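Peer 1: here is a sequence with its predicted model. Questions after.
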Amino acid sequence: NAGVTQTPKFQVLKTGQSMTLQCAQDMNHNSMYWYRQDPGMGLRLIYYSASEGTTDKGEVPNGYNVSRLNKREFSLRLESAAPSQTSVYFCASSLDPLGYGYTFGSGTRLTVV
Amino acid sequence: GENVEQHPSTLSVQEGDSAVIKCTYSDSASNYFPWYKQELGKRPQLIIDIRSNVGEKKDQRIAVTLNKTAKHFSLHITETQPEDSAVYFCARAGNQFYFGTGTSLTVIP
């Protein structure tokens, strides 16, 4: 029973490179989320998907795109990485948009040089 | 109106003392209030939650209280131990889900 699985766990990118962070959940949750967490800071919502087939911007969407591939998978793409995107990225899922059963993945530590 | 205000941002207590973290909100539609603990380098994990029809919930050394009239809820940790040192986040759910800004708790042995 894996819960929320994120890949990769660590990544170093050069400025301007692109990459996709993968997230999958096996809890039959409807809603999924991407957050970033900078050192000493709280969680900032990048994008979320309230249900399969929908995506919406969160607090800090600029520089990112997302795809809700199916009910299980929600990916985050950086088209042209910038040093300001150096952060720890967490994927999360919940049973519904109200947040019941909110569960986080283990995080991806991304460094852009 | 959507944000959750969380105080204090940092808290240091002596081992064995109690720690209290408070969150306030303004959306009266909020009906679910979870608390998360994030240890250094790890993911946030749910430690306790409370729904709007309950005023208090306790789980061993951790308790959460809710005052819907005043729109605030609090996390209480008694007999603190060094392993309680972490960042704690409150959250509320109404029409959407919102996190507080976090409290860094340090328990001094």
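Peer 2: Received, thanks.

Peer 1: for residue A:40, helix, strand, or coil?
Peer 2: Judged by DSSP: H, G, I helix; E, B strand; the rest coil, the three-state class of residue A:40 is coil.

Peer 1: that one: neighbour count?
Peer 2: 10 (other Cβ atoms under 10 Å in any protein chain shown). Where you see a C-beta, it was placed from the backbone N, CA and C, and this is true even at glycine.

Peer 1: can you check the one 10 residues further on too?
Peer 2: By the criterion of other Cβ under 10 Å, residue A:50 has 17 neighbours.

Peer 1: isn't it up against residue A:58?
Peer 2: No: taking Cβ atoms under 8 Å as the contact criterion, residue A:50 and residue A:58 are not neighbours in contact, 11.5 Å apart.

Peer 1: quick check: chain neighbours aside, which residue is closest to residue 106?
Peer 2: If you meant another chain, say so; for now it's chain A. Taking Cβ to Cβ, 6 or more residues apart in numbering or on different chains, and ignoring the residues beside it in sequence, residue A:106 has residue B:43 as its nearest neighbour in space, at 5.3 Å.

Peer 1: sorry, should have said chain B
Peer 2: Counting by Cβ to Cβ, 6+ apart, the nearest residue to residue B:106 once its immediate chain neighbours are dropped is residue B:12, at 4.6 Å.

Peer 1: contact partners for the one you found?
Peer 2: B:105, B:106, B:107, B:108 (Cβ atoms under 8 Å, 6 or more residues apart in numbering or on different chains).

Peer 1: and the closest residue to chain A within chain B, how many residues sit next to it?
Peer 2: When distances are taken as Cβ to the nearest Cβ, chain B approaches chain A most closely through residue B:97, which lies 3.6 Å from it. For residue B:97, the count of nearby residues is 23 (other Cβ under 10 Å).

Peer 1: quick check: the spatially closest residue to it that is not a sequence neighbour vs residue B:26, distance?
Peer 2: With sequence-adjacent residues excluded and distances taken as Cβ to Cβ, 6+ apart, residue B:97 is closest to residue A:99, at 3.6 Å. Noted for residue A:99: a distance of 18 Å to residue B:26, by Cβ to Cβ, to the nearest Å.
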